[in-house]
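Trainee: from the sequence below, what's the structure:
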Amino acid sequence: MYELFVLGELMTGDKHGYQLQDILANSVGLVRKISSGTLYPLLSRMTEAGWIHLRIEEETAGGRTRKIYGITEAGRRRFHELMEKPLGTEAVAETELLFRFKMVYFSYVDKDVRLACLEQYLQMLEKSYQHVTSFERYLLTVKPEPEKQRVQLLRVFDHRKRLGEADMQWVKEEIQRVRMLEE
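Mentor: Here you go, the predicted structure:
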């Protein structure tokens, strides 16, 4: 997933490691942190794989060197492979993050790739929604104890259903919008 992020960001132009880390930190949200210990080994592996290249520049202010990363032609091919790859069946939170990364880079892929990604995400949302409503029906029918916990769990499910409905509606509208685009 972070491979896609790095390649996607480099599709927009060369960046140094700190820029990538800063953009990634803002992309993944407040809960998740991406350390230098995760990012820089990934950049090294991607350089070794030939997907990105490294250029070292000397900074004038402090005399420190700065590593600038750029995407290679092999990296562009890898980026398109990752964008075309189905979302998969990872944990919902991972799939949501991957979906958000892919959406950011939709402008670099064709309409069919965008639609496939949106439709896969919609299927995941629908499956999750069905799971919540199914368990909600179980709680309403069987009424397991303790009652206070069951009642609060039903509130949680009501929240999840409302979020799911809003997400599904937005994705359906986005699918329609993308279908209408000229290529």
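Trainee: lowest average confidence, helix or strand, in this structure?
Mentor: Here the helix or strand of the chain ranked lowest by mean pLDDT, DSSP states H and E is helix 17-28, holding a mean of 84.
Trainee: in it, which residues are buried?
Mentor: For helix 17-28, a neighbour-count test (16 or more other CB atoms under 10 Å) marks 17, 20-21, 23-24, 27-28 as buried. In short, each C-beta sits where N, CA and C put it, glycine included.
Trainee: and what of stretch 174-183?
Mentor: 174-175.
Trainee: residues in contact with it?
Mentor: Applying CB atoms under 8 Å, 6 or more residues apart in numbering, the contact partners of stretch 174-183 are 110-111, 114-115, 118-119, 122.
Trainee: measure stretch 81-88 end to end?
Mentor: Start-to-end span of stretch 81-88 (CA to CA, to the nearest Å) is 14 Å.
Trainee: how far does it sit from its chain's centre?
Mentor: 11 Å (CA atoms, centre = their mean, to the nearest Å).
Trainee: next up, the contacts around the spatially most central residue of the chain.
Mentor: Nearest residue to the geometric centre of the chain (CA atoms, centre = their mean): residue 98, 2.3 Å. By CB under 8 Å, 6+ apart, the contact set of residue 98 is 1, 4, 87-88, 90.
Trainee: ok, the residues you listed vs residue 64, which is closest?
Mentor: Nearest to residue 64 out of the contacts of residue 98 is residue 4 (CB to CB; 29.4 Å).
Trainee: tell me which helix or strand the closest residue to that closest one other than its chain neighbours sits in.
Mentor: Leaving out its chain neighbours, the residue that sits closest to residue 4 by CB to CB, 6 or more residues apart in numbering is residue 82, at 4.4 Å. Element membership for residue 82 (DSSP states H and E) is helix 73-84.
Trainee: who are the packing partners of that helix?
Mentor: Contacts defined by 3 or more CB pairs under 8 Å, 6 or more residues apart in numbering; DSSP states H and E place helix 73-84 against helix 2-11, helix 36-49, helix 111-142.
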